[in-house]
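Participant: Whatever this is, show me its structure:
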Amino acid sequence: QEMYVKIPAGIEDGETLRLTGAGEAVTGGLTGDLYIKIHVKPHAIYKREGANLVTNVRIKLSDSLLGTEYNLETLDGVIKLKIPEGINFGEILRVKGKGVPYGNKRGDILVKIVIEMPKKISKDVRKLIEELKQKGV
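Facilitator: Modelled structure (predicted):
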């Protein structure tokens, strides 16, 4: 028998839903309850920590120095995340109220910054970096 079940927003992996009266009936007795154990499939870019969603965002070294905007996929669609100039590797940006719903509130999105260092640099880029080094950058 097929039935539709409403899964509440923000349910945790391993939680159990109870559907009263949806179980099997004992001969001459009442119908029992049906218990459904929930397994939440992992997301491609987010890891869940309670009501918060955590992800890494990879940016170029130049973007970490100058700042940039990043298109961030959220549960509500894409938003523009402002990455401030001078951000450091491992810093965490918080996007309030865009995480997992719980009750009438929502958690946050925590974005950990990962700065991608260039593996190879051209002679021109090396010269520019050496100039920056001389200027104390």
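Participant: Only C-alpha atoms from now on, for both contacts and neighbour counts.
Facilitator: OK.
Participant: where along this protein do the helices fall?
Facilitator: Remark: helices assigned in the chain by DSSP state H are 61-66, 123-134.
Participant: Pick the most buried one from those helices.
Facilitator: helix 61-66 (a mean of 16; mean count of other CA atoms under 10 Å).
Participant: list the helices and strands it packs on?
Facilitator: strand 109-116 (3 or more CA pairs under 8 Å, 6 or more residues apart in numbering; DSSP states H and E).
Participant: export the helices of the chain to a markdown table and tack on mean pLDDT?
Facilitator: Converted to a markdown table, those look like this (pLDDT from 0 to 100):
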| stretch | mean pLDDT |
| --- | --- |
| helix 61-66 | 93 |
| helix 123-134 | 90 |
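Participant: Residue 93: how many residues sit nearby?
Facilitator: 17 (other CA atoms under 10 Å).
Participant: Surely it is in contact with residue 111?
Facilitator: Yes: counting by CA atoms under 8 Å, residue 93 touches residue 111, with 5.0 Å between them.
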